[in-house]
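# A predicted structure for the sequence below; I have some questions about it.
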Amino acid sequence: MGKRGGFKGGMPNNMGNLMKQAQKMQKKMQEMQEDLDNQTFEAAAGGGAVKVSVTGKKEVASVKISQEVVDPDDVEMLEDLVTAAVNEALRLADEKVNQQMSSLTGGMNLPGGLF
């Protein structure tokens, strides 16, 4: 009678290596995320009149507004400048995350939006 399916003695060597690589990548991703969380990204709008800093966690860390752009008769312009600066700072943070993920995964096209 022939052998039946299954593996003797555990996982085959290739599967074990694959698991080790996955664990190594997971550890690197965790370290990278911690590093990114501690970074800040700054952007400005209105020629530097409004400056915004965000963290890698995508939290606004600070907003600086020059007195020159504070016009009670034109609050909309100030709102637009703040919005533009926040969006640009968040875009910079996303760009950095994507660059680091791409370097970590070696450009692999992982399923489910996992970079």
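Happy to help now that I have it.
# residues contacting G56?
33, 35-41, 93, 96-97 (CB atoms under 8 Å, 6 or more residues apart in numbering). Just so you know, the C-beta spots here come from the backbone N, C-alpha and C atoms, and that holds for glycine as well.
# among those residues, which ones are buried?
Neighbour counting with 16 or more other CB atoms under 10 Å marks 36, 41, 93, 97 as buried within the contacts of G56.
# which of those fall within strands?
Applying DSSP state E to these, the entries found in strands are F41.
# how many residues are close by S62?
Using other CB atoms under 10 Å, S62 is surrounded by 10 other residues.
# next, give phi and psi for G46.
Here is the backbone geometry of G46 (degrees, to the nearest 10): phi 70, psi 40.
# ok so, going back, among the buried ones among the contacts of G56, which ones are in helices?
Those of these mapping onto helices are 36, 93, 97, per DSSP state H.
# mind listing the strands for the protein?
Using DSSP E, strands in the chain cover 40-45, 50-55, 60-65.
# ok, the first one: who's next to it in the sheet?
Sheet pairing of strand 40-45 (DSSP bridges) gives strand 50-55 (antiparallel).
# for stretch 74-81, list every residue counted as buried.
78, 81.
# contacting residues around it?
45-46, 49-50, 65, 69-71.
# quick one on the thing from earlier: in a markdown table, list the contacts of G56 along with pLDDT and distance to K57.
Shown next, in a markdown table, are the contacts of G56 (pLDDT from 0 to 100; distance: CB to CB, whole Å):
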| residue | pLDDT | distance to K57 |
| --- | --- | --- |
| Q33 | 83 | 9 |
| D35 | 86 | 12 |
| L36 | 84 | 8 |
| D37 | 84 | 5 |
| N38 | 87 | 9 |
| Q39 | 90 | 10 |
| T40 | 92 | 10 |
| F41 | 93 | 11 |
| A93 | 91 | 9 |
| K96 | 88 | 12 |
| V97 | 83 | 11 |
